[in-house]
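Trainee: Sequence first, then the predicted structure:
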Amino acid sequence: MRRPERPELVVLCDVSDSVRQASRMMLLFMHTMQSLIVRVRSFVFVSDVGEVTQYFKDLEVDAAIDMATAGKTVSLSANSNYGRALADFTRDHLGSITRRTTVMVIGDGCNNYNANNACALKDLRRKAKRLLWICPEERGNWGIGDSEMLTYEKHCHQAAVVTSVSDLARIADQLVPA
């Protein structure tokens with residue numbers, strides 16, 4: 001009999017000003033995923049990327065979220081730069097992505113007209129079991145202004161609009177083995 005596969009999850013969450021309202025809900029989701037799935041690594045980004053896995057393991061949910069958004073892990077004063085964050089994450093962590101890893105990016109894809117570095121998503125998709133993007137913006141806003149969501153969506157297995165707790169529950173059902 002075949003052993004059930006142990007899922008791995010890597011989450012990158014935008015904590016910039018443009019998603020500040022949604023980021024607390026998304027960080028709560030990250031904390032919940034870490035309690036449901038054994039192997040979870042959690043990262044936050046604005047322009048730089050920082051790992052917050054230990055906060056979510058060691059601290060109560062509110063304290064973990066406060067630490068993740070306090071500017072101690074990444075600078076909150078920078079403008080969003082998804083291209084830089086994705087390229088840096090891929091450079092530093094691609095080797096830890098396996099065929100069991102689901103990589104989840106959480107953010108609006110607004111890149112302040114910087115290079116989108118979609119090639120980093122291509123590399124993540126090639127190595128990961130699944131590349132999922134969760135966006136708190138309605139699809140009608142994708143590709144408008146500095147939004148790179150239409151480009152980023154092309155390189156993901158799935159891109160989903162998540163604006164409510166019920167939307168998050170739907171995503172969680174897909175991620176957590178029965």
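Mentor: Nice, thanks for sending it over.
Trainee: contacts and neighbour counts: CA atoms only from here.
Mentor: Fine.
Trainee: Identify each of the strands in this structure and give its residue range.
Mentor: Remark: strands assigned in the chain by DSSP state E are 8-14, 39-45, 49-51, 101-106, 130-135, 158-161.
Trainee: Which one of the ones you listed lies nearest to L76?
Mentor: Evaluated with Cα to Cα, these place strand 39-45 nearest to L76, the distance being 8.6 Å.
Trainee: okay, that closest one in CSV with CA atoms only?
Mentor: In CSV, the C-alpha atoms belonging to strand 39-45 read as follows (Å, rounded to 0.1, in the frame of the first residue of the first chain):
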residue,chain,number,x,y,z
ARG,A,39,5.7,21.3,6.6
VAL,A,40,5.0,25.0,6.1
ARG,A,41,7.4,27.8,5.4
SER,A,42,6.0,31.3,5.6
PHE,A,43,7.5,34.5,4.1
VAL,A,44,6.5,38.1,3.9
PHE,A,45,7.6,40.7,1.4
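Trainee: tell me which strands and helices it is in contact with?
Mentor: Strand 39-45 makes packing contacts with strand 8-14, helix 20-36, strand 49-51, helix 53-58 when contacts are defined by 3 or more Cα pairs under 8 Å, 6 or more residues apart in numbering; DSSP states H and E.
Trainee: Which of the ones you listed sits closest to I106?
Mentor: strand 8-14 (4.6 Å).
Trainee: List the pairing partners of that closest one within its sheet, with orientation.
Mentor: Applying DSSP bridges, strand 8-14 is found paired with strand 39-45 (parallel), strand 101-106 (parallel).
Trainee: remind me which residues of this structure are low pLDDT?
Mentor: Applying pLDDT under 70 to the chain flags residues 1-7, 177-178.
Trainee: closest to L168 out of the helices and strands packed on strand 39-45?
Mentor: helix 20-36 (7.4 Å).
Trainee: so V15 makes contact with D48?
Mentor: No - using Cα atoms under 8 Å, V15 is not in contact with D48, being 10.7 Å away.
Trainee: out of the two, which sits in the busier spot?
Mentor: V15 (29 against 21; other Cα atoms under 10 Å).
Trainee: Next one: V105 from F45, what distance?
Mentor: Here the criterion is Cα to Cα, to the nearest Å. By it, V105 lies 10 Å from F45.
Trainee: ok, those two, which is more surrounded?
Mentor: F45 (29 against 23).
Trainee: Spatially, and excluding backbone neighbours, which residue is closest to that one.
Mentor: D14 (5.0 Å; Cα to Cα, 6 or more residues apart in numbering).
Trainee: which residues touch the one you found?
Mentor: Shown in contact with D14 (Cα atoms under 8 Å, 6 or more residues apart in numbering): S23, V44, F45, V46, I106, G107, D108.
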